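**Student:** Build me a model:
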Amino acid sequence: MVEPSTPAPPREPAATAPPRPVFDRRRAWLITALIVAFMLINYADKSVLGLAAVPIMDELGISNSTYGMISSSFALLFSLSGLIVGFVSARVSSRVLLFTMAVVWAVAQLPVLIVASVPALVAGRVLLGAAEGPAASMSMHALYKWFPANLRGLPSALQISGAALGTLFAAPVVTWLITGFGWRSAFLVLAVTSVVWSLVWWRVGHDGPYGEDRVPGARDDASRDRDRDRDRDRDRDRNRDRNGGGARDGDGGGNPDRDGDRSRERARALAPAPRERLPYRRLLLNGTVLGSIAGAFGASWALALSHAWLPVYLRTQLDLTPGAAAGLISAISGFSLVLLLSVPPLVDRLRRRGRSARWSTGAPQGIAVILAAVAMATFPFVDGTAPHLVLLALAFGGHAIVFPLHYMTASAVVPPLQRGAVFGVVAATGTLPGLVAPYLTGRLLDSADSAGTGYTHAFLLSAAVMLVCGLLALAAIRPERDARRLGPAVPAEGPRANAPQADGSKPLAQ
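**Tutor:** Got it, this is the predicted structure:
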């Protein structure tokens with residue numbers, strides 16, 4: 001007796017392939033504009049104390065060391081908050097994180113408006129630093145959610161250019177407010193600006209399609225769907241067996257076991273891939289991430305020095321008027337902006353042409369910090385006005401390209417789901433100079449025979465730190481090598497991954 005066989009299961013797979021992210025160009029660039037404004041406010045907040053340093057020191061009668069301590073207090077919780085929020089970003093949307101930061105920025109400006117004193121300045125700077133610590137990394141993380149890997153160079157440069165724009169516009173505007181309405185007015189205007197931005201962001205800021213889902217339920221849902229379909233097919237088979245129906249072997253029904261296996265194999269193949277994670281120890285101790293941190297450390301040292309002491313140096317050592325000092329600071333920021341807008345698009349072009357990430361994004365970081373270090377060590381000994389100003393611009397502006405590039409190199413060796421956390425760690429460790437450089441410079445000024453000698457010692461020490469960091473970045477950043485060592489959990493984002501396909505289309509890799 002031949003047992004009746006059941007018809008082959010339906011050919012449609014039980015699970016469907018995950019949809020490919022769709023690049024929404026208009027919305028992506030709107031988010032980019034908002035994030036640039038976010039970074040502009042961020043750096044205006046950072047620079048306002050340095051721009052108002054001379055009148056604040058005169059009014060409150062504080063020493064260089066005390067002012068350096070106030071400036072360094074900004075970084076007291078800066079790195080720690082960047083680290084914590086980086087891990088929180090895996091569970092909280094970028095919309096909520098950036099909104100919260102901007103609101104706290106506004107609140108942080110209030111203490112000094114209530115009572116002008118050293119404790120009030122310290123309290124405001126500590127709170128501001130805690131809220132601004134994650135700003136660069138989390139805004140970059142939010143930006144990456146709107147762009148595929150091969151189109152992130154220009155948006156990254158624009159995001160970092162918010163820093164240059166912040167100083168470019170803040171220097172003349174804040175100086176105008178200080179000279180015309182008193183230094184407190186600058187803090188008030190920045191508080192109102194942060195509130196306005198936060199309201200706009202809450203309405204239009206959302207996470208983009210290139211962000212990873214935080215709830216790893218996609219695979220579980222697919223598995224439950226396959227189990228449910230398998231149970232339904234089994235029940236249908238039993239019913240047909242009891243009714244004696246179905247086609248026989250050789251009558252076109254096929255082998256139910258074999259066809260069922262094939263259906264399940266297709267379902268497994270089309271189901272969303274598991275969201276793999278790697279131990280953070282492996283991610284943070286590979287050469288590319290360590291080199292990216294070193295480059296950011298060297299660049300951040302120069303940046304912290306420029307925010308805290310460059311305006312004071314220009315006023316007290318070069319005898320510039322407030323307007324002239326603001327103009328020179330704006331010019332240095334303009335130079336940084338030109339670098340930020342020109343170098344990363346060139347990097348994207350090199351990657352599309354097949355250049356390795358090591359030489360297209362890694363080496364420029366080390367070279368930029370090394371050149372800035374050489375300029376930092378040289379300009380105190382140059383007498384001519386023009387050479388002195390050129391070296392000043394290179395020392396305090398030439399490192400700017402490190403900030404977008406070090407995120408690109410770190411991203412190349414990190415699974416997307418862990419990118420926010422690693423960005424937080426990179427930002428937290430790379431910005432530690434903000435805690436050390438301003439206070440150390442104040443101590444050197446107070447302990448030297450003259451202010452000029454103190455500044456020379458501070459600049460030479462800064463140059464040594466930057467030189468070491470630049471050499472480490474140049475030697476250690478090798479994204480292709482480290483991505484291979486970390487295995488398939490790291491998505492291919494190099495030139496081959498982003499190269500055009502045979503049909504001429506470009507993949508939208510995350």
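**Student:** chain center to stretch 50-63, what's the gap?
**Tutor:** How far stretch 50-63 lies from its chain's middle: 32 Å, per CA atoms, centre = their mean, to the nearest Å.
**Student:** do the same with stretch 298-316
**Tutor:** Using CA atoms, centre = their mean, the offset of stretch 298-316 from its chain centre is 22 Å.
**Student:** Pull up the distance across that stretch, start to finish.
**Tutor:** With CA to CA, to the nearest Å as the measure, stretch 298-316 spans 26 Å from end to end.
**Student:** State the mean pLDDT of it.
**Tutor:** Mean pLDDT, computed over stretch 298-316, is 90.
**Student:** Tell me the spacing between the residue lying closest to Gly166 once chain neighbours are set aside and Thr431.
**Tutor:** Spatial nearest neighbour of Gly166, chain neighbours left out: Tyr43 (2.9 Å); criterion: CB to CB, 6 or more residues apart in numbering. In this view, the C-beta of every residue, glycine as well, is placed from N, C-alpha and C. In this view, Tyr43 and Thr431 are 13 Å apart by CB to CB, to the nearest Å.
**Student:** And the one helix or strand Leu460 maps to, what does it pack against?
**Tutor:** Take DSSP states H and E as the rule and Leu460 turns out to sit in helix 451-476. For helix 451-476, the helices and strands in contact under the criterion 3 or more CB pairs under 8 Å, 6 or more residues apart in numbering; DSSP states H and E are helix 287-308, helix 363-378, helix 433-447.
**Student:** Please name every helix or strand in contact with whichever helix or strand comes after it.
**Tutor:** Using DSSP H and E, the helix or strand that follows helix 451-476 towards the C-terminus is helix 479-486. Applying 3+ CB pairs under 8 Å, 6+ apart, one finds that helix 479-486 makes contact with helix 287-308.
**Student:** circling back to that earlier point, mind listing what's buried in the helix holding Leu460?
**Tutor:** By 16 or more other CB atoms under 10 Å, the buried positions in helix 451-476 come out as 451, 454-459, 461-463, 465-474, 476.
**Student:** tell me the angle of that helix relative to helix 433-447?
**Tutor:** Orientation check (axes from the mean of the first three to the mean of the last three CA atoms, to 10 degrees): helix 451-476 against helix 433-447 gives 150 degrees.
**Student:** tell me which residues in stretch 432-449 are buried?
**Tutor:** 432-435, 437-445, 448.
**Student:** Please list the outside residues in contact with it.
**Tutor:** Applying CB atoms under 8 Å, 6 or more residues apart in numbering, the contact partners of stretch 432-449 are 63-69, 71-72, 74-76, 78-79, 129, 297, 300-301, 303-305, 307-309, 451, 454-455, 457-458, 461-462, 465.
**Student:** Drop anything exposed from the residues you listed.
**Tutor:** 64-69, 71-72, 74-76, 78-79, 129, 297, 300-301, 303-305, 307-309, 451, 454-455, 457-458, 461-462, 465.
**Student:** ok now the helix or strand harbouring Ser161, how far from the chain's centre?
**Tutor:** Element membership of Ser161, judged by DSSP H and E, is helix 153-181. Centroid separation for helix 153-181 versus its chain: 18 Å, with CA atoms, centre = their mean.
**Student:** Could you pick out the longest helix of the protein?
**Tutor:** In the chain, ranked by residue count with DSSP state H as the criterion, the top helix is helix 322-352.
**Student:** That one packs against which elements?
**Tutor:** Counting contacts by 3+ CB pairs under 8 Å, 6+ apart, helix 322-352 is packed against helix 153-181, helix 310-316, helix 385-397, helix 402-411.
**Student:** Just want the angle from the helix or strand following the last one to helix 287-308.
**Tutor:** The reference is to helix 402-411. Heading C-terminal from helix 402-411, the first helix or strand you meet, by DSSP H and E, is helix 419-430. On the basis of the same axes, to 10 degrees, helix 419-430 is oriented at 50 degrees to helix 287-308.
**Student:** ok so, going back, so which of the buried residues of stretch 432-449 is the closest to Tyr280?
**Tutor:** For Tyr280, the nearest member of the buried residues of stretch 432-449 is Leu432. The distance, counting by CB to CB, is 18.6 Å.
**Student:** Report the separation between the closest one and Leu83.
**Tutor:** In terms of CB to CB, Leu432 sits 11 Å off from Leu83.
**Student:** For Ser292, list the residues it contacts.
**Tutor:** By CB under 8 Å, 6+ apart, the contact set of Ser292 is 365, 406-407, 409-410, 426, 430, 473, 477.
**Student:** Can you report phi and psi for Asp319?
**Tutor:** phi 60, psi 40 (degrees, to the nearest 10).
**Student:** Now do the helix holding Leu460, average pLDDT.
**Tutor:** pLDDT averaged over helix 451-476 gives 93.
**Student:** just how off-centre is it within its chain?
**Tutor:** 24 Å.
**Student:** so how far does stretch 408-415 reach from one end to the other?
**Tutor:** Taking CA to CA, stretch 408-415 runs 13 Å from one end to the other.
**Student:** Counting neighbours, show which residues of it come out buried.
**Tutor:** Buried residues in stretch 408-415, counted by 16+ other CB under 10 Å: 408-415.
**Student:** Let me know the closest of those residues to Thr32.
**Tutor:** Met408 (15.6 Å).
**Student:** what sits against the closest one?
**Tutor:** Here Met408 is in contact with 152-153, 156, 344, 347, 357, 361 (CB under 8 Å, 6+ apart).
**Student:** Off-centre distance for stretch 146-154?
**Tutor:** 13 Å.
**Student:** lowest average confidence, helix or strand, in this protein?
**Tutor:** helix 256-270 (a mean of 47; mean pLDDT, DSSP states H and E).
**Student:** Name the next helix or strand following that one along the chain.
**Tutor:** helix 280-284.
**Student:** tell me which strands and helices that next one is in contact with?
**Tutor:** Here helix 280-284 touches helix 419-430, going by 3+ CB pairs under 8 Å, 6+ apart.
**Student:** which parts of the helix or strand hosting Gly82 are buried?
**Tutor:** Using DSSP H and E, Gly82 falls within helix 78-88. By neighbour count with 16+ other CB under 10 Å, helix 78-88 contains the buried residues 78-79, 81-86, 88.
**Student:** follow-up on the earlier one: the helix holding Leu460 vs helix 402-411, what angle?
**Tutor:** 30 degrees.
**Student:** Moving C-terminal from the helix holding Gly82, which element do we reach first?
**Tutor:** Immediately after helix 78-88, counting by DSSP H and E, sits helix 94-108.
**Student:** Output the following helix or strand past that following helix as CSV - backbone C-alpha positions only.
**Tutor:** On the C-terminal side of helix 94-108, the nearest following helix or strand under DSSP H and E is helix 110-114. Output in CSV follows, covering the C-alpha atoms of helix 110-114 (Å, rounded to 0.1, in the frame of the first residue of the first chain):
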residue,chain,number,x,y,z
LEU,A,110,22.6,80.5,34.7
PRO,A,111,24.9,80.3,37.8
VAL,A,112,27.2,83.1,36.6
LEU,A,113,24.1,85.2,35.8
ILE,A,114,22.8,84.8,39.3
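**Student:** Which pLDDT value belongs to Ser447?
**Tutor:** With respect to pLDDT, Ser447 has a value of 90.
**Student:** Kindly report the same for Ala149.
**Tutor:** Ala149 carries a pLDDT value of 73.
**Student:** Dump the helices and strands packed on helix 322-352 to TSV, plus distance to Phe38.
**Tutor:** Formatted as TSV, those follow (distance: least, CB to CB, whole Å):
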stretch	distance to Phe38
helix 153-181	7
helix 310-316	23
helix 385-397	21
helix 402-411	15
